[in-house]
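**Q** kindly generate the corresponding structure for this input.
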Amino acid sequence: MNTPNTYKLSFLALSTLLIVCFFINISLGSVSIPNSDILETLLGTTQNVSWRYIIIDYRLPKAFTAIIVGSGLGISGLMMQTLFRNPLAGPFVLGITSGASLGVALVTMGASLFGGVMAAVFISKWSIVIAATLGSFLVLLAVLIVSTKVRDTMAILIIGLMFASISAAVVNVLSYFSSAEELQQYIFWGFGSLGNLSWNELLVLFTLYTFGIMFSIVSIKALNTLLLGENYAKSLGLNIKQSRLTIIIATSLLAGTITAFTGPIAFIGLAIPHMTRQVFNTSNHKILLPAVLIIGAIVMLICDSIAQLPNSDFTLPINAITSLVGAPVVIWLLIRKRKMIF
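**A** Below is the predicted model:
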């Protein structure tokens, strides 16, 4: 049986591992930089301008992005699995990613409808981010309206999946009529990427991520109560509609913002909560939420370190690595434990 001291030791070990993974991540890349020079760069004492640019302007933002993506998607998945009481639920069951994908598809594959000049204006870094954000927001708005009209939480899940199907259908139509170049650009966005953010863009992402984390912290008590079932939660005085709204907003802020800036990242939101439950052997969200935050960040840093193929000029799609590395680990954990803790 786990005790408070056991949890403290586990969190200490995970925090140490997170720091180690962070420094390993920024030390790996196509350019080999000695660890002593990396430390000098972080302290601001290096004289090598090239190495300073690589570490400060590329590797550090990418590592921080990996932490935000892993922790944010992990927490989103945890909240969705608890809200819907479904182990297969992830942060994208509300159709948020599909809305973002539709927004990006309209920009990358639909911009040519407005002519070459307008297409050049539309297809830019910020235009893709804004389009993905607007797409996520419109789907979120629709889901929020529906959530105030229906009593059954599972109905929201089904409606979210229907929105995802509609968005996917429109994307397929756009893909059919788009050129090879436009289709390629959309596919590359779908691979996901952690290394395209500047410090200013990372600041915007972190600000919205912080709001999402704050909403999720506020929802901890409601999440623990919902584990008992909605009827019992009502008998304990929980406002189901208000709690559901807060959880949906938190998930949308985290998953929607992350998708807008980095593209759709597979596996993390679905698997990290299960990995954390197996490691900590608890369903208490006061323990699970910070644990998911740390474990999600660690796994994402490891996946990114593998994806960038150290000492190679090639970088693999992060989506492929998250699935190839993570899925077998989750299967092994579930077989080893032989049951899900939920």
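**Q** can you name the element that comes right after the helix or strand containing residue 158?
**A** Using DSSP states H and E, residue 158 maps to helix 153-177. The helix or strand immediately downstream of helix 153-177 is helix 180-191, counting by DSSP H and E.
**Q** what angle sits between that following helix and helix 153-177?
**A** Compare the direction of helix 180-191 with that of helix 153-177 by axes from the mean of the first three to the mean of the last three Cα atoms, to 10 degrees and you get 150 degrees.
**Q** for the helix or strand that comes right after helix 180-191, name the packing helices and strands.
**A** With elements assigned by DSSP H and E, the helix or strand that comes after helix 180-191 is helix 199-218. In terms of contacts (3 or more Cβ pairs under 8 Å, 6 or more residues apart in numbering; DSSP states H and E), helix 199-218 is packed against helix 60-84, helix 240-251, helix 257-262, helix 285-307. For glycine as for every other residue, the C-beta is placed from the backbone atoms N, C-alpha and C.
**Q** how about helix 199-218: buried residues?
**A** Residues 201, 202, 205, 208, 209, 212, 213, 215, 216 are the ones in helix 199-218 that count as buried (16 or more other Cβ atoms under 10 Å).
**Q** mind listing what the first one touches?
**A** With contacts defined as Cβ atoms under 8 Å, 6 or more residues apart in numbering, the neighbours of residue 201 are 129, 261.
**Q** where does the protein have its least confident helix or strand?
**A** Lowest on mean pLDDT, DSSP states H and E among the helices and strands of the chain sits helix 116-122, with a mean of 48.
**Q** can you point out the buried residues in whichever helix or strand residue 24 is part of?
**A** Using DSSP H and E, the element containing residue 24 is helix 4-27. Across helix 4-27, burial judged by 16+ other Cβ under 10 Å covers 7, 10, 14, 17, 18, 21, 22, 25, 26, 27.
**Q** would a markdown table of these with distance to residue 274 and pLDDT be doable?
**A** Formatted as a markdown table, those follow (distance: Cβ to Cβ, whole Å; pLDDT from 0 to 100):
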| residue | distance to residue 274 | pLDDT |
| --- | --- | --- |
| 7 | 18 | 86 |
| 10 | 17 | 90 |
| 14 | 16 | 95 |
| 17 | 19 | 96 |
| 18 | 19 | 96 |
| 21 | 20 | 95 |
| 22 | 24 | 95 |
| 25 | 24 | 92 |
| 26 | 29 | 92 |
| 27 | 30 | 89 |
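**Q** nearest to residue 259, of those?
**A** residue 25 (21.5 Å; Cβ to Cβ).
**Q** if I look at the closest residue to residue 175 other than its chain neighbours, how far off is residue 176?
**A** Spatial nearest neighbour of residue 175, excluding adjacent residues (Cβ to Cβ, 6 or more residues apart in numbering): residue 183 at 5.8 Å. Look at residue 183 and residue 176: by Cβ to Cβ, to the nearest Å, they are 9 Å apart.
**Q** give me the more crowded residue out of those two.
**A** Higher neighbour count among residue 183 and residue 176: residue 183, with 17 against 9, using other Cβ atoms under 10 Å.
**Q** next, format the buried residues of helix 4-27 as JSON lines and append distance to residue 325.
**A** JSON lines is the format used below for those (distance: Cβ to Cβ, whole Å):
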{"residue": "7", "distance to residue 325": "26"}
{"residue": "10", "distance to residue 325": "22"}
{"residue": "14", "distance to residue 325": "18"}
{"residue": "17", "distance to residue 325": "16"}
{"residue": "18", "distance to residue 325": "17"}
{"residue": "21", "distance to residue 325": "13"}
{"residue": "22", "distance to residue 325": "18"}
{"residue": "25", "distance to residue 325": "14"}
{"residue": "26", "distance to residue 325": "19"}
{"residue": "27", "distance to residue 325": "19"}
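**Q** centroid residue for the protein?
**A** Note on the chain: the residue nearest the mean C-alpha position is residue 73, at 3.1 Å, using Cα atoms, centre = their mean.
**Q** show me where the stretch 201-342 of the chain dips below the pLDDT cut-off.
**A** 310-311, 333-334, 336-342 (pLDDT under 70).
**Q** hmm, 90 instead?
**A** Scanning the stretch 201-342 of the chain with the threshold set as pLDDT under 90 gives 226-245, 248-249, 252-253, 256, 260, 263-267, 269-271, 274-275, 277-283, 306-342.
**Q** give the other helices and strands that the helix holding residue 24 contacts.
**A** So helix 4-27, by 3+ Cβ pairs under 8 Å, 6+ apart, packs with helix 35-43, helix 60-84, helix 268-280, helix 285-307.
**Q** residues contacting residue 9?
**A** Per Cβ under 8 Å, 6+ apart, neighbours of residue 9: none.
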